[in-house]
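> got a structure for you, letters missing:
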């Protein structure tokens, strides 16, 4: 019998408590493993009723959990850096295994937390920290343990995917789609962590540990959000048979790791182009397992509680710790990468514009694959769309910087990478 | 240090031996787990050179493996019922854990083999038995251990999916596509196990154990292959925005389990409609984990070896046995199911045909959603396509049996279920 305490009764915490109560009999029947939800903790006293209904003891005092010798597994579902970090460390030191969904904390301090757990012979389960219900962590750490991961491409954030999906389906601009996401419960009031790509960054850091055996610092991962994506871009993507997705990208070649988070044009007919609404998905290119693609609900209390519970069962069934030995790698600078680019200039509609822009691109050895400038009535400024052949990012940025200083360019030029994943 | 012996150097066996040698250092570096390929066995003496190149001892005598006290894990990759079954049982009784990719054997004897392993405190790893490199077994047995699986829909056989894909893409008939599959190495010379749906049935039996805690007998699973699918059907599916896939379907409602293998119309824009070529994919509807979809290479030595190796590492890292307690359920008869149907009649082109057919359907309470009969030049017989509303299978079959006795019906009517997965 393993006794479990849940700390933090937010969306994931309350769903975990409910489903742990509901399914512990089924788990025991299926596997013989006995799990008991023995204690619930939240600093908000009004959750006492919730615990009472479940028939589980309740406390507002975290120390009552951490110092309780009966508790085997502490489930930290508060989120954020502190007090979550201290809770996890104290629990481990007090001889308890830990399950957490805290991606921000792991991205920042996973290295130290896993080392501490290792040194104490304890487990930190974190399946719920990346992509909600998709069993990514176990897939990579167990099923791909004997594989080289060449690349990972992920749609890891449901909020931004919902927004981009709404822009595409309803033909609305970013700000309107954001409002819809907030109204429909897919975005927080302050959704900057999602919009700016930071939540995706946190998850990519964890994937980087599992795929490439390295914990990056945030500054080593180029991160760009979706707030500058306009409806125009979404529509042009559609014309090209693409969708715009906020991608987490990790690639490893020899000793160099390329990690980035940015919006990208992806083929609409490939699996990753078809990730709907608030869903998440990840594709891997590996050897020898080949190409793998996983798709599921990336957020929400109920789906995420399934991952928390699977960690609890794994620990209760005697899972051994198999922390990765870290490797020393170089991080690729985004300027040293190459891609095909979608470029949208906003220019005064007058003779000579196209030739001036094309001249600067040519001077920077940027080769154009296609140009589109549609006839516009009664508009002073027009969008010019170019798709490049494969180009170096540094050269392209230098060219754009020069172009944006031309007097007939109205606003900063839009640049979106085309990723064939 | 865990010492491993591989028995059977077919496609999967030789890839496993190679990749185990190649990746054992990486696995050890990542996880600290040491694995040694200590012995290779094949009854064909000419594989001695293969083993010599790898620097691994070789024997043609299976007893040398089974009676070797140094071997911790026996990897059975011979396939088929015997001697594989005896090898696995002997290995378990001799205190060894076993890894196998043998779906036919597990489908027929998984119940006994797992019970034997349980009684001896040993493990049988079988990740490679279903969908090659896709980590399905671990996903269901670990990640979904605390979930109710409501339904599972799978494209579990690469050969048939390749054939249906070629028919669609090249506009060729079944026999031509089968030839292409054989020429390109996607189908065996005798591919009846694939074509008739039996290979899919074997895999569905294993999924049924994991999802619904029940081992079905083959006769309890309605099984229909793809040999009667014509190019006409593929083209009509396309017109309706569908693809034809050979589906494994498992559904559980209360105490009743519905298991079937048959071709189906599936929406082309849903993930399962987009499973390309020889790939495999499975989608699950669960609670609380929600909808999950997994996609990857379902066959081939190299991808499948990744799953074999992941089982070896799991066993070496101290994986505990968590065999399912079986449940007693009812199996749903296909006649008691309901679906929308695609029906293709082949009829003499003369007045009264449509009304006669429609009358019989109406008498059986089959309601028609759409009819298509295209004008044909110089053909005596024409296809009439009907899509029904949801109808009972028993009633539909009775109607079709009656219709097929009408003198103007040229050949047995084609019937394909429409599955909205």
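Perfect, thanks for sending it. Quick caveat: nothing in here was measured; it's all calculated off a predicted structure.

> Please count neighbours and contacts with C-alpha atoms only from this point.
Fine.

> how deep is residue A:389 tucked in, by neighbour count?
Counted with other C-alpha atoms under 10 Å in any protein chain shown, the neighbours of residue A:389 add up to 16.

> Now do the contacts for it.
For residue A:389, the contacting residues are A:339, A:340, A:341, A:366, A:367, A:368, A:369, by C-alpha atoms under 8 Å, 6 or more residues apart in numbering or on different chains.

> Of those, which is the most crowded?
Among these, the one with the most neighbours (other C-alpha under 10 Å) is residue A:341, at 26 neighbours.

> For the stretch 301-421 of chain A, which segments count as helices?
Taking DSSP state H, counting those that start in this stretch as the test, the helices found in the stretch 301-421 of chain A are A:301-316, A:353-363, A:393-403.

> close to chain B, is the longest one?
If I follow you right, that is helix A:301-316. Yes: Helix A:301-316 reaches chain B (C-alpha under 8 Å from any C-alpha of the partner chain) through A:302, A:303, A:304, A:305, A:306, A:307, A:309, A:310, A:311, A:313, A:314.

> quick one: average pLDDT of that helix?
What helix A:301-316 shows for mean pLDDT is 96.

> Which secondary structure elements does that helix sit against?
helix A:11-31, strand A:97-100, strand A:124-125 (3 or more C-alpha pairs under 8 Å, 6 or more residues apart in numbering or on different chains; DSSP states H and E).

> Would you reformat the ones you listed as JSON lines and include mean pLDDT?
Output for the helices and strands packed on helix A:301-316, formatted as JSON lines (pLDDT from 0 to 100):
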{"stretch": "helix A:11-31", "mean pLDDT": "94"}
{"stretch": "strand A:97-100", "mean pLDDT": "98"}
{"stretch": "strand A:124-125", "mean pLDDT": "97"}
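
> out of these, nearest to chain B?
helix A:11-31 (4.8 Å; C-alpha to the nearest C-alpha).

> and the closest one, what does it pack onto?
strand A:2-7, strand A:35-41, helix A:301-316.

> For those, give me a markdown table that also has mean neighbour count.
Converted to a markdown table, these look like this (neighbours: other C-alpha atoms under 10 Å in any protein chain shown):
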| stretch | mean neighbour count |
| --- | --- |
| strand A:2-7 | 24 |
| strand A:35-41 | 23 |
| helix A:301-316 | 26 |
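
> Let's have the ones you listed in TSV, adding distance to residue A:278.
Output for the helices and strands packed on helix A:11-31, formatted as TSV (distance: least, C-alpha to C-alpha, whole Å):
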stretch	distance to residue A:278
strand A:2-7	26
strand A:35-41	29
helix A:301-316	12
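
> re earlier: and the residues of helix A:301-316 next to chain B, which is closest to chain B?
Nearest to chain B among these, with distances taken as C-alpha to the nearest C-alpha, is residue A:303, at 4.1 Å.

> can you pull out the strands in the stretch 151-300 of chain A?
All strands of the stretch 151-300 of chain A, identified by DSSP state E, counting those that start in this stretch, fall at A:222-223, A:242-253, A:256-267, A:279-287, A:290-297.

> quick one, which of these is nearest to chain B?
Minimum separation from chain B across the strands of the stretch 151-300 of chain A (C-alpha to the nearest C-alpha) falls at strand A:290-297, 4.4 Å.

> and the stretch 201-350 of chain A, which of its residues are near chain B?
Residues of the stretch 201-350 of chain A lying near chain B by C-alpha under 8 Å from any C-alpha: A:213, A:271, A:274, A:287-297, A:302-307, A:309-311, A:313-314, A:317-320, A:322-326.

> pretty sure residue A:48 contacts residue A:55?
No: counting by C-alpha atoms under 8 Å, residue A:55 is not a contact partner of residue A:48; they are 10.3 Å apart.

> These two: who's more crowded?
Taking other C-alpha under 10 Å, residue A:48 and residue A:55 do not tie; residue A:48 has more neighbours (18 against 13).

> Which strand or helix spans that one?
Assessed by DSSP states H and E, residue A:48 sits inside helix A:48-54.

> for that helix, which positions count as buried?
Buried residues in helix A:48-54, counted by 16 or more other C-alpha atoms under 10 Å in any protein chain shown: A:48, A:50, A:51.

> The residue nearest to residue A:140 when sequence neighbours are not counted: neighbour count?
Spatial nearest neighbour of residue A:140, excluding adjacent residues (C-alpha to C-alpha, 6 or more residues apart in numbering or on different chains): residue A:210 at 6.4 Å. A count of nearby residues for residue A:210, using other C-alpha under 10 Å, gives 25.

> which residues make contact with stretch A:72-89 from outside it?
Stretch A:72-89 is contacted by residues A:2-10, A:12-13, A:65-66, A:91, A:95-105, A:113, A:116, A:312 when judged by C-alpha under 8 Å, 6+ apart.

> Contact partners for the nearest residue in space to residue A:392 that is not next to it in sequence?
Among residues not flanking residue A:392 along the chain, residue A:338 sits closest, at 4.4 Å (C-alpha to C-alpha, 6+ apart). Residue A:338 makes contacts with A:390, A:391, A:392, A:393, as judged by C-alpha under 8 Å, 6+ apart.

> just checking, the third one touches residue A:339?
Translated: residue A:392. Yes: here residue A:392 reaches residue A:339: they are 6.8 Å apart, a contact under C-alpha under 8 Å.

> re the thing from before, just put the contacts of residue A:389 in JSON lines and tack on distance to residue B:247 and pLDDT.
Below are the contacts of residue A:389 laid out as JSON lines (distance: C-alpha to C-alpha, whole Å; pLDDT from 0 to 100):
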{"residue": "A:339", "distance to residue B:247": "38", "pLDDT": "96"}
{"residue": "A:340", "distance to residue B:247": "38", "pLDDT": "97"}
{"residue": "A:341", "distance to residue B:247": "40", "pLDDT": "98"}
{"residue": "A:366", "distance to residue B:247": "48", "pLDDT": "97"}
{"residue": "A:367", "distance to residue B:247": "46", "pLDDT": "96"}
{"residue": "A:368", "distance to residue B:247": "45", "pLDDT": "95"}
{"residue": "A:369", "distance to residue B:247": "42", "pLDDT": "95"}
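
> In strands only, show me these.
A:339, A:340, A:341, A:368, A:369 (DSSP state E).

> What residues sit buried inside stretch A:168-186?
The neighbour-count check on stretch A:168-186 (16+ other C-alpha under 10 Å) flags A:168, A:172, A:173, A:174, A:177, A:178, A:180, A:181, A:182, A:186 as buried.

> Off-centre distance for stretch A:36-55?
Counting by C-alpha atoms, centre = their mean, to the nearest Å, stretch A:36-55 is centred 30 Å from the centre of its parent chain.

> quick check, it touching chain B?
No: contact of stretch A:36-55 with chain B (C-alpha under 8 Å from any C-alpha) is absent, the minimum separation being 13.3 Å.

> which non-adjacent residue is nearest residue A:134?
Once flanking residues are discounted, residue A:134 sits nearest to residue A:296: 5.5 Å by C-alpha to C-alpha, 6+ apart.

> pretty sure the one you found contacts residue A:133?
Yes: the pair residue A:296 / residue A:133 is scored as a contact, 6.5 Å apart, by C-alpha under 8 Å.

> Check the contact lists of these two and give me the overlap.
B:290, B:292.

> Who has more neighbours out of these two?
Taking neighbours as other C-alpha under 10 Å, residue A:296 and residue A:133 compare with residue A:133 leading, 32 against 26.

> what sits against the more buried one?
A:296, A:297, A:298, A:299, A:303, A:304, A:305, A:306, A:307, B:289, B:290, B:292.

> which residues of chain A score low on pLDDT?
In the predicted model of chain A, residues A:321-322, A:376-378 satisfy pLDDT under 70.
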